[in-house]
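Novice: structure of the sequence below:
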Amino acid sequence: MIEVKKNDEKGTKELWNNEEIIDKSDFRIYGDDDYWVLLKNTDSSEMIMKNSFDLISKDIKRLEIYYPLEFWNMVEKIMIMRDYKKSNSMSFIFYIEFDFEEWKNQYSITEFAQVMEQVVSSYNSLGIEWEQEDEVISNGCYIKCKKFDYSSTINEVFTQYVEHLKEIHDKASILLYSKSNNSVISVFDFPEEVRIPCEQYLVYFAQFLKEIGIETVTSIQNESGKILFSVTPTTPEIALEQIRNALSIYLKLPVTLKDAQYNPMVMEPNVQQLLANIQHLQGQLMLARAITQASEITIQNQQNIITQQQKMIDLTILQHSYIKSEEENEKFLGGTLTIKEYEGNGFAINVPEIYRRIKELIINKNK
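Specialist: The predicted structure is shown next:
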């Protein structure tokens, strides 16, 4: 039972968890009869979250739990709010806070709220809603979750909804960062152990574009654990769709060429550079997979871990880490372009010919 008890001798209010008093430095209590309880650290929060909702005393109208989300730095606390008119009705809330002094995003807070409302609306059937305290977004906003069993623990309900929240965060990020009219901005979520080699491969994309006749400037930023890859053409004549098409091909090249026996002809430096970048990425991913397996392996689950890591860390990591918007069509160039995945046994790939085909399909297609 989570409850507030008054200590008349000391003239204080105490927070009790299953008949154990919580250290006074770990919480704050506001109110005299209807209480607003704030937990100030993750240790006390995790202890409280083991309780079920029906074990929260009815005189606690608002329970604020400090529990920062790793993937979203705007959410540092979750709240349980009891309906003042229907005391048996509760909501589970992910509260969003803005750091106005450090706000450096390319979108405004108003634009953020508009996109969040749009994205969250598709989750309404799951009991997930977007709400604001009032018309001024900076006065408070949150994602409210209403469909859950009160006999469940707070932690269980958190687990139930946090994956949906991650989806909402990712979809909103794509929409917010892709609103640029003069750049192609792509969002990636790389596993930390392979983030650096994957970023290095993305950096070479500007050179890849230059070789097929598209001059651009690229940049990479880390935003809440996501990688924002921005590509800006140097002249307005270059269509952004050309860049998107080229990026789609570029992310597939490591898989397309992984087992190929290359044509022994003398290759141009640009082709050799492309192959060197692909081979470097492949080597780094193999190393990361080996290190991960060595550090986590046990006799009991050896094969399970190997299978899992092989699925997670291979040359498809670029495509799997690319967070696509719902509007993005899976068919590239209307389904007209496929780069054949050659079998490595007994076949040779003419890589300069791949360059030629890419340039022809992307540049000519968009003229």
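
Novice: leaving out chain neighbours, which residue sits closest to the residue nearest the centre of the chain?
Specialist: Centroid-nearest residue in the chain: Asp170, 4.7 Å away (criterion: CA atoms, centre = their mean). Using CB to CB, 6 or more residues apart in numbering and skipping residues adjacent in sequence, the residue nearest Asp170 is Ile323, 5.1 Å away. C-beta coordinates here come from the backbone N, C-alpha and C atoms, glycine included.

Novice: what is the burial count for that neighbour?
Specialist: Neighbour count for Ile323, taken as other CB atoms under 10 Å: 17.

Novice: give me every residue that touches it.
Specialist: Asp170, Ser173, Ile174, Val187, Phe188, Asp189, Lys226 (CB atoms under 8 Å, 6 or more residues apart in numbering).

Novice: biggest helix in this structure, by residue count?
Specialist: helix 269-296 (DSSP state H).

Novice: show me where pLDDT drops low in this protein?
Specialist: The model of the chain has pLDDT under 70 over residues 179-180, 224, 258-267, 295-313, 315, 324-367.

Novice: ranges for the helices of it?
Specialist: Using DSSP H, the helices of the chain run over 42-48, 109-120, 154-177, 195-203, 205-211, 240-256, 269-296, 302-312, 317-321, 351-359.

Novice: wait, which of these is closest to Asn88?
Specialist: helix 154-177 (16.2 Å; CB to CB).

Novice: could you give the angle of the closest one to helix 109-120?
Specialist: 120 degrees (axes from the mean of the first three to the mean of the last three CA atoms, to 10 degrees).

Novice: name the helices or strands packed onto helix 154-177?
Specialist: Counting contacts by 3 or more CB pairs under 8 Å, 6 or more residues apart in numbering; DSSP states H and E, helix 154-177 packs against strand 90-96, helix 109-120, strand 128-132, strand 141-145, strand 184-188, strand 226-233, strand 322-323.

Novice: the shortest one pairs with which strands, and in what direction?
Specialist: In this case it means strand 322-323. When pairs are called by DSSP bridges, strand 322-323 turns out to pair with strand 184-188 (antiparallel).

Novice: and if you look at the first one?
Specialist: Here the strand partners of strand 90-96, with direction, are listed using DSSP bridges: strand 77-82 (antiparallel), strand 141-145 (antiparallel).

Novice: residues in contact with it: which ones?
Specialist: By CB under 8 Å, 6+ apart, strand 90-96 touches 53, 56, 64, 69, 74-83, 140-146, 148, 150, 154, 157-158, 161, 165.

Novice: one more time with 7 Å
Specialist: With contact meaning CB atoms under 7 Å, 6 or more residues apart in numbering, strand 90-96 is reached by 53, 74-75, 77-82, 141-146, 148, 150, 157, 161, 165.

Novice: what's the answer for stretch 23-43, then?
Specialist: Counting by CB under 7 Å, 6+ apart, 4, 13, 15, 44-45, 48, 59-67 sit against stretch 23-43.

Novice: out of these, which are inside strands?
Specialist: Mapping the contacts of stretch 23-43 onto strands (DSSP state E) picks out Val4, Lys13, Leu15, Ile60, Lys61, Arg62, Leu63, Glu64, Ile65, Tyr66.

Novice: skipping adjacent residues, who's closest to the first one in space?
Specialist: Setting aside the residues directly before and after it, Val4 is nearest to Tyr35 in space (CB to CB, 6+ apart), at 4.9 Å.

Novice: repeat that for the fourth one.
Specialist: Closest residue to Ile60 apart from its sequence neighbours, by CB to CB, 6+ apart: Tyr35 at 5.0 Å.

Novice: next: Tyr161.
Specialist: Cys145 (4.8 Å).
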